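> 3D, please:
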Amino acid sequence: MKVHGQRLRRADRRPPKPISMPFERKYVSKAYLVALPMCLMMLVVIYLTYDDGHSFLLIISYVFYPFAKFFYDVVIGFWLGRKIKKASNYAIEMSLDKIQYAMYGFFVYFSSLLLAPLGMLFLLIRYLFRLFWVKRRI
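Modelled structure (predicted):
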């Protein structure tokens with residue numbers, strides 16, 4: 001392929017593959033769908049116990065959950081997912097899968113106020129790095 005009399009290399013002809021970090025609309029919507037039953041269940045429990053002080057905290061945790069889940073996935077979740085897929089025994093695979101969902105359900109959801117700022121900071125640094133890298137390549 002020639003452009004203005006120059007022959008382009010194969011790597012220059014096709015667009016570069018994006019770095020695999022799945023923080024997209026599908027990832028966020030799936031995270032919200034996973035967190036919705038937990039949030040609703042806890043809001044019903046809080047409503048039945050007449051303790052309305054914590055309901056605002058649960059709603060804020062629900063909003064921040066995708067960012068906290070993303071930070072957890074970057075740190076340990078993707079690694080654990082690969083280990084689960086490579087498990088040789090089906091029983092071990094199922095138990096590790098249950099542990100991973102329990103981590104999403106309890107640890108990540110209830111600590112999302114602490115993990116979400118780290119996830120947002122990671123996304124911001126990643127965006128700035130990619131922006132700098134694109135301007136540097138031009």
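> Where is the longest helix in the protein?
Criterion DSSP state H: the longest helix present in the chain is helix 112-137.
> quick one, what contacts the residue nearest in space to the middle of the chain?
Computing the C-alpha centroid of the chain and ranking residues by CA atoms, centre = their mean puts Phe70 first, at 2.4 Å. By CB atoms under 8 Å, 6 or more residues apart in numbering, Phe70 lies in contact with 23, 27, 31, 119, 122-123. Using the backbone N, CA and C atoms, a C-beta is placed for each residue, glycine as well.
> in the longest helix of the chain, what's buried?
Going by neighbour count (16 or more other CB atoms under 10 Å), the buried part of helix 112-137 is 112, 115-116, 118-119, 122-123.
> Does anything pack onto that helix? Which helices or strands?
helix 55-72 (3 or more CB pairs under 8 Å, 6 or more residues apart in numbering; DSSP states H and E).
> same for the helix or strand that comes right after the helix it packs on, what does it pack against?
Later in the chain than helix 55-72, the nearest helix or strand by DSSP states H and E is helix 78-85. Packing partners of helix 78-85 (3+ CB pairs under 8 Å, 6+ apart): helix 90-102.
> lowest confidence element among the helices and strands of the chain?
Lowest on mean pLDDT, DSSP states H and E among the helices and strands of the chain sits strand 2-3, with a mean of 50.
> quick one: what helix or strand has the closest residue to Ser55 other than its chain neighbours in it?
Of all residues beyond its chain neighbours, the one nearest Ser55 is Ile46 (5.3 Å), with distances taken as CB to CB, 6 or more residues apart in numbering. Assigned by DSSP H and E, Ile46 belongs to helix 25-48.
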